[in-house]
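1. no sequence on this one, just coordinates:
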């Protein structure tokens, strides 16, 4: 099973530069992964889109059709944004320039925005035909001839320029762990949401096995030892994260969401298949500083409807 389904969606808030060698190794790894699974990203995107839609309806009663929505941090692959755009009026924000059509002008903007290596990653996916296959698969699954192009603005989630009460729903997948001031971002989400509107924020938990955002772990088909290497001093030196991660704990996320969105529903997506491995490590005296929820929770999800 993939280490993190939502990590496949890609968020540009995760961009970080830590040397040309690491960037080249990461690029090669991602290219190999893309060639090995040319259309599987579409399946993961559809899965997450359906789950998001279902959970919002179950916990808020809001149906995501014909609504004005905001996607925070869609990344270069644009994730669920394309699915929601098929039946909603969508806007997205990202701190990077997002290439949508693959023109020379777009690549020039991308190069200026976030440097050579991230631009090469985007260009490489297009040259391998990965993006085109994903687009076609998504359009077929949604029953539309082609996917509409949503408006994407360069903007920080911590200081949005939208007026109060602009959107019917706001969602984000695996982005808030990359924001240095998540409390400010949550306040902004509440501000731009209309009364009666819905929020869905899914955060990839730092204390999960893949929480350090090492692409060799994120894109691996099977979960392999050493487990939780970033939390174990003997293995921490082997980790090569490709992202800034704010390292918030599960308790911190829960406190923040409950404070800013009273009555919020908290969902924990857990990797129960790792419990046996965790018990073995605990028997060896490792990871004692963390609870089972800390280590087995892959995504902490906040679902909320703003009072009207």
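-> Everything's here; your move. None of these values were measured; they are calculated from a predicted model. Numbering: from 1, shown residues only.
2. please make it C-alpha for all contacts and neighbour counts, starting now.
-> Fine.
3. mind listing the strands for this structure?
-> In the chain, the strands defined using DSSP state E lie at 68-72, 89-94, 151-154, 167-173, 193-204, 265-270, 297-305.
4. now the ones you listed as JSON lines including distance to residue 216 and mean neighbour count?
-> Formatted as JSON lines, the strands of the chain follow (distance: least, C-alpha to C-alpha, whole Å; neighbours: other C-alpha atoms under 10 Å):
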{"stretch": "strand 68-72", "distance to residue 216": "25", "mean neighbour count": "25"}
{"stretch": "strand 89-94", "distance to residue 216": "24", "mean neighbour count": "21"}
{"stretch": "strand 151-154", "distance to residue 216": "28", "mean neighbour count": "16"}
{"stretch": "strand 167-173", "distance to residue 216": "20", "mean neighbour count": "24"}
{"stretch": "strand 193-204", "distance to residue 216": "16", "mean neighbour count": "23"}
{"stretch": "strand 265-270", "distance to residue 216": "21", "mean neighbour count": "16"}
{"stretch": "strand 297-305", "distance to residue 216": "17", "mean neighbour count": "24"}
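5. mean pLDDT lowest where, among the ones you listed?
-> Mean pLDDT values for the strands of the chain show the minimum at strand 151-154, a mean of 93.
6. who does that one pair up with?
-> Note on strand 151-154: by DSSP bridges, its sheet partners are strand 89-94 (parallel).
7. give me the distance from the strand it pairs with to the chain's centre.
-> 15 Å (C-alpha atoms, centre = their mean, to the nearest Å).
8. quick one: that strand to strand 68-72, angle?
-> 20 degrees (axes from the mean of the first three to the mean of the last three C-alpha atoms, to 10 degrees).
9. do you know the pLDDT at the residue nearest to the spatial centre of the chain?
-> Most central in the chain under C-alpha atoms, centre = their mean is residue 174, positioned 2.6 Å from the mean C-alpha point. The score at residue 174 is 96. That number is its pLDDT.
10. how about the one 4 residues further on?
-> We note a pLDDT of 97 for residue 178 in this prediction.
11. tell me how far the residue nearest to the centre of the chain lies from residue 301.
-> Residue 174 sits at a distance of 10 Å from residue 301 (criterion: C-alpha to C-alpha, to the nearest Å).
12. do the same with residue 60
-> With C-alpha to C-alpha as the criterion, residue 60 and residue 301 are 14 Å apart.
13. ok, now residue 185?
-> Counting by C-alpha to C-alpha - residue 185 and residue 301 are separated by 15 Å.
14. also residue 159?
-> 22 Å.
15. same thing with residue 83?
-> For residue 83 relative to residue 301 (C-alpha to C-alpha), the value is 20 Å.
16. same question for residue 218.
-> Counting by C-alpha to C-alpha, the gap from residue 218 to residue 301 is 19 Å.
17. what sits against residue 188?
-> With C-alpha atoms under 8 Å, 6 or more residues apart in numbering as the criterion, the residues that contact residue 188 are 157-160.
18. most neighbours, which of those?
-> residue 157 (24 neighbours; other C-alpha atoms under 10 Å).
19. the closest residue to that one other than its chain neighbours: neighbouring residues, count only.
-> Distance criterion C-alpha to C-alpha, 6 or more residues apart in numbering; nearest residue to residue 157, sequence neighbours excluded, is residue 185 at 5.1 Å. Neighbourhood size, residue 185 [other C-alpha under 10 Å]: 19.
20. residue 185 contacts residue 158, doesn't it?
-> Yes: judged on C-alpha atoms under 8 Å, residue 185 makes contact with residue 158 at a distance of 4.1 Å.
21. I'd say residue 67 and residue 88 touch.
-> Yes: contact status for residue 67 versus residue 88: in contact at 5.1 Å, counting by C-alpha under 8 Å.
22. so what pLDDT did residue 75 get?
-> Reported pLDDT at residue 75 in the predicted model: 80.
23. ok, it touching residue 82?
-> No: counting by C-alpha under 8 Å, residue 82 is not a contact partner of residue 75; they are 11.7 Å apart.
24. okay, the strands of the chain in a markdown table with distance to residue 229 next?
-> Shown next, in a markdown table, are the strands of the chain (distance: least, C-alpha to C-alpha, whole Å):
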| stretch | distance to residue 229 |
| --- | --- |
| strand 68-72 | 29 |
| strand 89-94 | 30 |
| strand 151-154 | 34 |
| strand 167-173 | 23 |
| strand 193-204 | 16 |
| strand 265-270 | 18 |
| strand 297-305 | 15 |
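25. to residue 257, which of these lies closest?
-> strand 297-305 (6.8 Å; C-alpha to C-alpha).
26. which stretches of the stretch 1-150 of the chain form helices?
-> 20-36, 40-60, 81-85, 104-127, 130-142 (DSSP state H, counting those that start in this stretch).
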